[in-house]
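Peer 1: Pasting a predicted model and its sequence here:
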2 protein chains.
Amino acid sequence: MKRHRSLLALALFVLCGTGRAAPAVERWGIEEIVLHGPAGGNPFVDVELSARFSRGDRSIDVAGFYDGDGVYRVRFLPDEPGEWRYETRSNRPELNGQAGRFEVTAPSPGNHGPVQVRDTFHFAYANGTPYRPIGTTCYAWTHQPEPLEEQTLRTLAHAPFNKLRMCVFPKSYAYNRAEPTRYPFAGTPPNSWDFARFDPEFFRHLERRVGQLRDLGIEADLILLHPYDKGHWGFDRMTPEQDDRYLRHIVARLAAYRNVWWSLANEWDFLKEKRESDWDRMFRIIRDADPYGHLRSIHNGTVLYNHTHPWVTHASIQNGSAVEDAGRAVLYRDAYRKPIVFDEVKYEGDIPERWGHLPAEEMVHRFWEGTVAGTYVGHGETYRDPDDIIWWAKGGNLRGQSPSRIAFLRSILDAGPRGGFEPIDKWQDWSIGGRVGVYYLVYLGRTAPREWSVVLPRAGLDGPLDLRAEVIDTWGMTIAPIGGILHLRPKDRYTYTCPDRPRIDLPGKPYMAIRFRRAP
Amino acid sequence: MKRHRSLLALALFVLCGTGRAAPAVERWGIEEIVLHGPAGGNPFVDVELSARFSRGDRSIDVAGFYDGDGVYRVRFLPDEPGEWRYETRSNRPELNGQAGRFEVTAPSPGNHGPVQVRDTFHFAYANGTPYRPIGTTCYAWTHQPEPLEEQTLRTLAHAPFNKLRMCVFPKSYAYNRAEPTRYPFAGTPPNSWDFARFDPEFFRHLERRVGQLRDLGIEADLILLHPYDKGHWGFDRMTPEQDDRYLRHIVARLAAYRNVWWSLANEWDFLKEKRESDWDRMFRIIRDADPYGHLRSIHNGTVLYNHTHPWVTHASIQNGSAVEDAGRAVLYRDAYRKPIVFDEVKYEGDIPERWGHLPAEEMVHRFWEGTVAGTYVGHGETYRDPDDIIWWAKGGNLRGQSPSRIAFLRSILDAGPRGGFEPIDKWQDWSIGGRVGVYYLVYLGRTAPREWSVVLPRAGLDGPLDLRAEVIDTWGMTIAPIGGILHLRPKDRYTYTCPDRPRIDLPGKPYMAIRFRRAP
């Protein structure tokens, strides 16, 4: 029966021609089917709509959504070039059986596709290009006045960040008490909402901003729920049914944006109205609703979610102390065997809260400790402002001294091992990351030695090792090559040394590193 | 039908009297039913035997086992005083339907029952008495000549340890090349075995040793599989069927010993013949076979098992670096939300291997860092010996300087919070454990200050806090009270201080601690 129906559909499709023929779309771009249907009743709950996209033997079912004023959309993220076809399905005849075809072309420069996990602890774009997250945080930037939002985008265009943590819902918290201009649901602020009716204008605005981030090469780490509400609007205490409908709606709207990551919550454990099983359920809903498998995570307050669950793609962790020391950061890798992203390690700034007054040096230090541990670190900035325009929440301008050093680190990462940094000899208190035999990045942290004895872990090595070395000032952003080739040889069962070059001179400053790369 | 059969059994039981009437047994002692049956064929696989033990509405099914020479045993660990009844079931008529009753009396002094998890991160005996593991390791002590095994028991009788890690199977490894006197299977050494026939003598010897540990108040952390074989005997590469039969046999034999813990493996990831799913399966077999729910864990080499699995009761971890710093140790608590037992943190000794030459001070230091992090640390000793009699593997005598300090720490733990130590303000780089408002143990580690500013975390406090203080020399094993009461008051949003007693004098030595307890 099923096959008969498919054949019938194909025959109808061929007979009826192309339906609405969309213009060509690039690979990992967005193909959007626009349909017109009923505007009465509550289309958000009354109308079911999806489309089956197919190419050759493959077919992908994608949920559509109602966008107000009788307009329905189905958005598709094509991952393969060539001709694709689609056909819609709906419980409303005018939306059902709409078919068409479109061509998917090669991606434009800079479009590498969505980011995925690679080699257990790292990431890559779908086209294989390494992706090394260097994130920052502007929780409520899309709930600000237009000029401020535009300023945030200008700042991001010149900042080193390739990931941004941002909340879908507005934020009511210290330094963040203004009402937003848009709300996600129909109703009356602050807390009289029809949770069964989304406000399309709110979501269209969000989509525009996510698209602008995409065009800047920035992944949008979308925080779907957060506790910075406490019932003020009540978006933190919807019923399971309301939560699930909201999650399906946002996935239907945004999954076709290649730069979207799903961060189920910020400080999930501070959302006291939900139980842990609610989070498990919501994760599964996102996983099942998203046809493309965008990255999924959840960020903690003081209680870690169980990141070993199969629906978690990477561990998103708040814990500043864990990246004060590479020997701490590696422990999470061991526990989770997934990429570790320290999304919140306290912020560079000067507010009284202890999570918000790191010196810039300490912020940068944490990036380096995390890097040599084979993990990823995120930035945030909380400098006081007379108008409470603080980057961490509202965006605007960056004032700190860490971003330029983070840009410098990013250049080191980009020139680093293609597969990412792995801790070398992980539980032996070296702060050394890289790849055995090929690349060693030695980070000296807060110590300020005048020389460094050339000793590297023997782990994984066999035979001689010839390396070139450079001294890196992570704060001063300089790289000074050391002349010649270092010929390393086994010293004892655990180390290699360099008999003809036993020491490297250093300037006696903190935050130095030494980079070794295999001599060609 | 089932009810009819039960009634019939009861009637038969009443009519036939008590069967074999066992003498009274104490609560959490061992009730053993001895039966005689077939000795031909292979009773280990041909004969099924179990018994249902019941008291009032409760009934517990317990597997029996063949002990050679036509003797069959069913062992039961009664957890409730009063009259119990039993009836056997078997596929052999002479072993089937044997019934009896016995009286369970109050436990003798020192018998607190099996150890269980309590309050997420800690342990207690079944009678509620706190259990704070202070373990040591003698992997192969039961495979040594009789006099050496007896010496090990004499040493343990005067040592501070209340848990012993020990392997069921013999060990073939550095410093451990001698053949044992007994083998677990019928066959010919070194590697021609009938894995379907256990050698009762081997297991009876093991049971005797486990019982002797019990009588010394020591939990036997029984390591069921290990990689220190590499095919020499081949106990590391049995088939799944052989593994599972072995696991069921050892559970049937030993689960009635109240001091047994199941450690599924040592360095599980070094057993290259098995897949991770094999370990999951074996865990479930142990869990399902053990009627009493003894503690279950698995110990790692360099890859951590997923200790969040529901069949793991506590995390048994090898990682020396993790307890060099309380800020590392707490991370495992967060990841697993189960008791964290650092069973291997490198060993006090002087062998060339880097896991075997910790100074005694460092061994003790790791115990203290682990303690204030709310975790538990294990001891081991590897001093060179002309006959390779090294405590860590063979037992014998302790020579190190850490055990007396560990005994001192044990006295601190015993006088500590009944519910165990919790890290105070866990991610803020205090090395302080205890209970908010009641007990603070400040550990100063390798620093050697001449004074300590009285500053405690404000976390969880509200209002004034009056404390008595003592200066503890963890190495010198002294406790010096500080006269008077310290009246602590809030200093800022994160700390409490003592305005009238701002500093405590210290001797300028490392490894000092300060204990604060609420003034009565």
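Peer 2: Alright, I've got the coordinates. Numbering: from 1, shown residues only, chains lettered A, B, ... in the order given.
Peer 1: So which bits of chain A are right by chain B?
Peer 2: By the rule Cβ under 8 Å from any Cβ of the partner chain, the part of chain A lying against chain B is A:302-304, A:306-308, A:319-322, A:324-325, A:327-328, A:331-332, A:334-337, A:352-354, A:426-429, A:493-494. All C-beta atoms are positioned from the backbone trio N, CA, C, and that covers glycine.
Peer 1: Buried subset of those residues, written for PyMOL?
Peer 2: Typed into PyMOL, the line below selects the buried ones among the residues of chain A next to chain B, using 16 or more other Cβ atoms under 10 Å in any protein chain shown:
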select buried, chain A and resi 304+306+307+308+319+320+321+322+324+325+327+328+331+332+334+335+336+337+426+427+428
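Peer 1: Which of the residues of chain A next to chain B fall in helices?
Peer 2: Secondary structure from DSSP state H places A:327-328, A:331-332, A:334-336 of the residues of chain A next to chain B in helices.
Peer 1: from those, which is closest to A:D290?
Peer 2: Among those, A:Y336 lies closest to A:D290 (Cβ to Cβ), at 21.2 Å.
Peer 1: I'd say that closest one and A:Y305 touch.
Peer 2: No - in this structure A:Y336 lies outside contact range of A:Y305 using Cβ atoms under 8 Å: 10.5 Å.
Peer 1: one step back: could I get the ones in helices among the residues of chain A next to chain B in JSON lines, plus columns for distance to B:R248?
Peer 2: Putting these into JSON lines (distance: Cβ to Cβ, whole Å) gives the following:
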{"residue": "A:G327", "distance to B:R248": "41"}
{"residue": "A:R328", "distance to B:R248": "41"}
{"residue": "A:L331", "distance to B:R248": "35"}
{"residue": "A:Y332", "distance to B:R248": "36"}
{"residue": "A:D334", "distance to B:R248": "31"}
{"residue": "A:A335", "distance to B:R248": "31"}
{"residue": "A:Y336", "distance to B:R248": "32"}
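Peer 1: so can I have TSV of those showing distance to A:T239 and pLDDT?
Peer 2: Shown next, in TSV, are these (distance: Cβ to Cβ, whole Å; pLDDT from 0 to 100):
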residue	distance to A:T239	pLDDT
A:G327	44	97
A:R328	39	97
A:L331	38	98
A:Y332	33	98
A:D334	38	97
A:A335	33	98
A:Y336	31	98
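Peer 1: what sits against A:R515?
Peer 2: A:412, A:439-442, A:469-470, A:472, A:479 (Cβ atoms under 8 Å, 6 or more residues apart in numbering or on different chains).
Peer 1: That one pairs with what?
Peer 2: A:L441, A:E470 (DSSP bridges).
Peer 1: measure it to A:G433 for me?
Peer 2: From A:R515 across to A:G433, the span is 11 Å (Cβ to Cβ, to the nearest Å).
Peer 1: go on, A:L95?
Peer 2: Distance from A:L95 to A:G433, by Cβ to Cβ: 53 Å.
Peer 1: quick one: which of the two has more around it?
Peer 2: More crowded of A:L95 and A:G433, by other Cβ atoms under 10 Å in any protein chain shown: A:G433, with 29 against 24.
Peer 1: which residues sit in contact with that one?
Peer 2: A:326, A:371-374, A:421-424, A:440-441, A:443.
Peer 1: tell me the contacts of the residue in the stretch 301-450 of chain A that chain B sits nearest to?
Peer 2: Using Cβ to the nearest Cβ, the single residue of the stretch 301-450 of chain A nearest to chain B is A:A335, 3.8 Å away. Contacts for A:A335 (Cβ under 8 Å, 6+ apart) come out as A:307-308, B:304, B:307, B:331-332, B:335-336.
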